[in-house]
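**Q** Next come a sequence and a model predicted from it.
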Amino acid sequence: MVEVAAPAHAAGRAKLLGHLAMLLFAALIALSFSIGHLAAPHIGAGALNVLRFVIGTATMAGVALAARGGRLARPRAVWRYGVLGALSGAYFVTMFIALKVTSPVATGALFTLIPLMSAGFGKVFLGQRTRPMVWLALATAGCGAVWVIFRGDVDAMLAFQLGRGEAVFLVGCVCYAAHAPLMRRYNRGEPATEFAVWTLAAATICIALYGLPELASTDLAALPAIVWAAIAYLAIVTTAGTFLLLQFAALRLPASKVLAYGYLTPGFIILIEGAIGHGWVAPSVAAGAAVTAIALLAMAFVPEL
């Protein structure tokens, strides 16, 4: 299998747009938690995500067809999309499995390992080197995110243990960490929408293998409107839309900086939940979110090698 060389890091306006894309990515993902929370009591996670990815893939296909004059080129080197789709699908499937036996706090804590692992995969797959200041910023941002996830409860942090559910989700985190640098490595100059369609289609197949039995037992006609509204948002915005943002940034920024913006998700959730009247967190927890934001801002200004 022969891949083209990964493009060099972007600079100037292109680099700024890459950072802004991931900032928007984190905000949209955070909003999905509040919206998904409203739908969760009415539909299983497996069924919801099958519908989400099917609609998201169809939406992306429509966008690609419109952008390409009604034609979608046959995918070249299909194995690339299979690898990327399997990695993405593994992340979501292991998340579903883990959440059945462990807590969102535990999975959130493991999620903070992804940017650090992605920096390592960036070295392996792309030969990217990460400056010591970037490692320091990632570690600081990760600590701030962990503080927010555990609500500043030191005892809960010290009591964290790696059980079966956590071990399953850790595998998914490793897969997702490899996803961003491989998107850059495997892209052969295809238009962003076209590349996204085939990758999302592959991910949809993987997720459907897990979630179809649950979907088959779901009475779709009885689902309340909030579920369909949530599915629409998750499919169009946080599946098709954020995938494009991730791909856009992955082609302009090193892997270590792309997924680091996931650390901002807990902070955005705090802002969204407070703004819609669900209450504000304690100042000490908000301080953890502020530490994360400052560390990521510092990281953004550290030049690539």
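**A** Sure thing, it's come through. In this text the structure is predicted, and so the values were computed from the model without any measurement. Numbers count the residues shown, from 1 in each chain.
**Q** Please enumerate the helices of the protein.
**A** Using DSSP state H, the helices found in the chain span residues 12-39, 45-67, 78-101, 104-111, 114-126, 132-149, 154-158, 164-186, 192-216, 225-235, 242-250, 255-258, 265-275, 283-300.
**Q** Run a quick neighbour tally on G152.
**A** 17 (other Cβ atoms under 10 Å). C-beta here means a position set from N, CA and C on the backbone, and glycine is covered the same way.
**Q** Enumerate every residue touching E190.
**A** Listed by Cβ atoms under 8 Å, 6 or more residues apart in numbering, the contact set of E190 reads 73, 76.
**Q** any idea how far I207 is from it?
**A** E190 sits at a distance of 22 Å from I207 (criterion: Cβ to Cβ, to the nearest Å).
**Q** Next, give phi and psi for L72.
**A** L72 adopts backbone torsions of phi -120, psi 120, taken as degrees, to the nearest 10.
**Q** and it, how many neighbours?
**A** For L72, using other Cβ under 10 Å, the count is 16.
**Q** I figured it hits V197, correct?
**A** Yes - at 6.8 Å, L72 and V197 qualify as touching, with contact defined as Cβ atoms under 8 Å.
**Q** Which neighbours do those two have in common?
**A** Listed as contacting both L72 and V197 by Cβ under 8 Å, 6+ apart are 61, 64.
**Q** How much space separates A30 from I207?
**A** Using Cβ to Cβ, A30 is found at 22 Å from I207.
**Q** no, scratch that, I was asking about T94
**A** Relative to I207, T94 is positioned 11 Å away (Cβ to Cβ).
**Q** before we move on, what about G122?
**A** Distance of G122 to I207, computed by Cβ to Cβ: 26 Å.
**Q** Over to P283?
**A** P283 sits 39 Å away from I207, taking Cβ to Cβ as the criterion.
**Q** So for the two, which sits in the more crowded spot?
**A** Legend: neighbour count by other Cβ under 10 Å for P283 and I207, higher for I207 (24 against 9).
**Q** so the more buried one makes contact with V50?
**A** Yes - proximity of I207 to V50 meets the contact threshold set by Cβ under 8 Å, at 5.9 Å.
**Q** How many neighbouring residues does V78 have?
**A** Neighbour count of V78, defined by other Cβ under 10 Å: 11.
**Q** Then F33?
**A** The local packing of F33 (other Cβ under 10 Å) involves 16 other residues.
**Q** okay, now the closest residue in space to it that isn't next to it in sequence: neighbour count?
**A** Nearest non-adjacent residue to F33, counting by Cβ to Cβ, 6 or more residues apart in numbering: I269, 5.5 Å away. Using other Cβ under 10 Å, I269 has 23 neighbouring residues.
**Q** how much space between R52 and A192?
**A** In terms of Cβ to Cβ, R52 sits 20 Å off from A192.
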